[in-house]
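[1] predicted model and sequence below, questions to follow.
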Amino acid sequence: MAYIFSIPQFVYSGENALKASMDQLADLGNKALIVTDKSMVDFGNSQKLIDELVAHNIAYCLYPEINSEPTHTMIDKGVELYEGEGCDFLIALGGGSPLDAMKAIGAVHTNGGNIRDYIGKKIENHLPHMCAIPTTAGTGSEATKISIITNTDTDVKMLLNDPKLMVDLAVLDSDFTITVPPEVTAATGIDALTHAVEAYTSIKAFPMSDLYAEAAVKKIFENLYEVYTNGTNATARREMSIAAFEAGVAFSNASVTLIHGMSRPIGALFHIPHGMSNAMLLKTCMTYLKPGAVFKLSELAKVIGAYRVGMTIEEGADAFVTAIIALTRALRIKTPMDYGVKKDDFFRNIPKMSGDAMASGSPLNTRRTPSKEDIEELYAKFWYDSEIIKASQDTVD
Ligand SMILES: NC(=O)c1ccc[n+]([C@@H]2O[C@H](COP(=O)([O-])OP(=O)(O)OC[C@H]3O[C@@H](n4cnc5c(N)ncnc54)[C@H](O)[C@@H]3O)[C@@H](O)[C@H]2O)c1
Ligand SMILES: [Fe+2]
């Protein structure tokens, strides 16, 4: 079987990566639409970028309105601004939300129509040149051919997946991530870990995607708790930025599976941030996955040093699942109840969530392939697992 592997054309990483990338960035065009959110303005990050653009005679228009996970109306407005301001390339600065919004704006600019109609659509025309500067270490959107936009008319998080959504230039300047607060650090870091583990255990995994997934899992286990508790550790932040990129490469090529499939509907309906809803699902979904992926999970136990000589592969797989559950506990991952989700509301929506999860295609990449009925049961089990976690957290508090 043959495999295709894709990755951005240029990637800058390490100290002062943004400064180092500027000549390359100047080759992308003359006037950039900077897609970002208000916190980037407040933290002075957009100004740092603008100073570099001005120094390199690059014109710009600032669009700092991706203040939540992107919706179709934010894309409509971004396209209007891009065209009205005569921009000829795109820069995204921020977490996965501005990065995904940038890709969607680029897609609609060259392909027309409305982003709401892009679900499952092949993107025919090339996008304008794009540069992604992630400021969270999580989604890996800077490395992926994916964009996720919520259609607020239908409450569906649409998964757009097309090679044309890959950026030309990714700038991993982890100085930008130093200000990420602990809870967002934890949620985005677990998002990256979920990408790597799902890519590694996906039925579409292949040797090159495995290399990136293993590298990401190792770095995340070594550095995520450190950046959660000591956010100013620049070396650990740098490792996390690279890990998120590697995890993005892994899943962009090998796909995500059950957890992302079940997580998007929770995010769309209950407005729980993406990384957090993945993290909440890990225990239930990893336990379900294990019988279908014992060998791969035991290999990951070796990667993180949890595998001991003499263990069977089942024991190795158990050791990895245990380690991942312990990490989510150490990071104080929340439960749906912490977001005010009500049991009745959750259970009433299980058929819609299960249908939307299956329609996204992601669950079918899982080594233990679930049916829609299995996913309905898993959502119910997830709720009861969360009740137990919530009760134990309340006891500790
Ligand atoms: N395209 C992909 O491949 C891909 C993969 C996974 C997830 N996603 C999508 O990405 C989105 C989530 O992205 P995210 O988790 O990075 O969150 P985000 O971009 O929504 O940011 C989360 C919060 O962190 C803040 N923030 C960002 N950078 C900061 C910094 N440096 N300092 C302080 N605060 C900062 C933001 O203002 C925001 O309040 C979701 O829509 C998800 O579906 C995309
Ligand atoms: Fe994700």
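    On my side now, so go ahead. Numbering: from 1, shown residues only. Ligands and ions are numbered 1, 2, ... in the order given.
[2] which parts of stretch 65-84 are buried?
    Across stretch 65-84, burial judged by 16 or more other CB atoms under 10 Å covers 65-66, 69-72, 74-79, 81-82. Every residue, glycine included, has its C-beta placed from N, CA and C.
[3] check stretch 263-283 too.
    Applying a neighbour-count criterion of 16+ other CB under 10 Å, one finds 263-270, 272-283 buried in stretch 263-283.
[4] and what of stretch 124-141?
    127-141.
[5] before we move on, back to that, so which of the buried residues of stretch 263-283 are in strands?
    Using DSSP state E, no member of the buried residues of stretch 263-283 falls within strands.
[6] ligand 1 next: which of those are close?
    274-275 (CB under 6 Å from any ligand atom).
[7] in helices, which of the buried residues of stretch 263-283 fall?
    The helices, defined by DSSP state H, take in 263-270, 274-283 from the buried residues of stretch 263-283.
[8] CA atoms only: put the one helix or strand Tyr82 maps to into CSV for me.
    For Tyr82, the host element (DSSP states H and E) is helix 72-84. Below are the C-alpha coordinates for helix 72-84, written out as CSV (Å, rounded to 0.1, in the frame of the first residue of the first chain):
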residue,chain,number,x,y,z
HIS,A,72,-19.3,30.7,9.9
THR,A,73,-20.2,34.4,10.5
MET,A,74,-16.6,35.2,11.5
ILE,A,75,-15.5,33.7,8.2
ASP,A,76,-18.0,35.8,6.2
LYS,A,77,-16.7,38.9,7.8
GLY,A,78,-13.0,37.9,7.3
VAL,A,79,-13.6,37.3,3.6
GLU,A,80,-15.3,40.7,3.2
LEU,A,81,-12.4,42.4,4.9
TYR,A,82,-9.7,40.5,3.0
GLU,A,83,-11.3,41.4,-0.3
GLY,A,84,-12.4,45.0,0.7
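[9] how much space between Gly29 and ligand 1?
    Counting by CB to the nearest ligand atom, to the nearest Å, the gap from Gly29 to ligand 1 is 22 Å.
[10] okay, now Gly355: neighbour count?
    Per other CB atoms under 10 Å, the neighbour tally for Gly355 reads 14.
[11] if I look at Thr185, how far off is Ser141?
    Distance of Thr185 to Ser141, given as CB to CB, to the nearest Å: 17 Å.
[12] also Met358?
    Met358 is 24 Å from Ser141, by CB to CB.
[13] surely Ile91 meets Ile133?
    Yes. Between Ile91 and Ile133 there is a contact under CB atoms under 8 Å: 6.8 Å.
[14] need the residues touching each of those two.
    Common contacts of Ile91 and Ile133, defined by CB atoms under 8 Å, 6 or more residues apart in numbering, comprise Leu49.
[15] which residues does Gly261 contact?
    357-358, 360-363, 375.
[16] switch the cut-off to 10 Å
    Gly261 is in contact with 159, 198, 281, 285, 353-354, 356-366, 370, 375, counting by CB atoms under 10 Å, 6 or more residues apart in numbering.
[17] cool, Arg348 as well?
    Arg348 neighbours (CB under 10 Å, 6+ apart): Lys342.
[18] how much space between it and Val341?
    Counting by CB to CB - Arg348 and Val341 are separated by 11 Å.
[19] same check, this time on Asn278
    In terms of CB to CB, Asn278 sits 16 Å off from Val341.
[20] okay, and which of the buried residues of stretch 124-141 map to helices?
    Going by DSSP H, the helices hold none of the buried residues of stretch 124-141.
[21] returning to that earlier point: which of the contacts of Gly261 count as buried?
    The buried subset of the contacts of Gly261 - by 16+ other CB under 10 Å - is 159, 198, 281, 285, 353-354, 356-360, 362-363, 365-366, 370, 375.
[22] how about the residues of the stretch 251-397 of the chain by ligand 1?
    274-275.
[23] one more pass at 8 Å, please.
    251-252, 260, 264, 267, 273-275 (CB under 8 Å from any ligand atom).
[24] of those, which pair is most distant in space?
    Maximum pairwise distance in these, criterion CB to CB, is 20.8 Å, between Ser252 and Pro273.
[25] tell me the gap between stretch 94-102 and the middle of its chain.
    10 Å (CA atoms, centre = their mean, to the nearest Å).
[26] now the strands for this structure?
    Counting by DSSP E, the strands of the chain are 10-13, 31-35, 59-63, 89-94, 129-134, 146-151, 156-161, 169-172.
[27] nearest to Met337, out of the ones you listed?
    Comparing the strands of the chain by CB to CB, strand 156-161 comes nearest, at 21.6 Å.
[28] using PDB, write down the CA coordinates of that closest one.
    This file holds the C-alpha atoms of strand 156-161, laid out as PDB (Å, rounded to 0.1, in the frame of the first residue of the first chain):
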ATOM      1  CA  VAL A 156     -22.300  21.400  13.900                       C
ATOM      2  CA  LYS A 157     -18.500  21.700  14.000                       C
ATOM      3  CA  MET A 158     -17.700  21.200  10.400                       C
ATOM      4  CA  LEU A 159     -14.400  19.300   9.700                       C
ATOM      5  CA  LEU A 160     -12.800  20.600   6.400                       C
ATOM      6  CA  ASN A 161     -10.000  18.300   5.300                       C
END
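[29] who's in contact with Ile66?
    35-38, 40, 74-75, 77-78, 92-102, 105.
[30] go on, Pro70?
    Counting by CB under 10 Å, 6+ apart, Pro70 touches 35, 37, 78, 96-105, 115, 147-150, 157.
[31] so which of those residues are also by ligand 1?
    Checking the contacts of Pro70 against ligand 1 (CB under 8 Å from any ligand atom), the matches are 37, 96-100, 103, 147-150, 157.
[32] ligand 1: which of those residues is nearest?
    Comparing the ones next to ligand 1 among the contacts of Pro70 against ligand 1 with CB to the nearest ligand atom places Gly96 closest, at 2.4 Å.
[33] find the nearest non-adjacent residue to the closest one, please.
    Excluding its sequence neighbours, the residue lying closest to Gly96 (CB to CB, 6 or more residues apart in numbering) is Thr139, at 3.0 Å.
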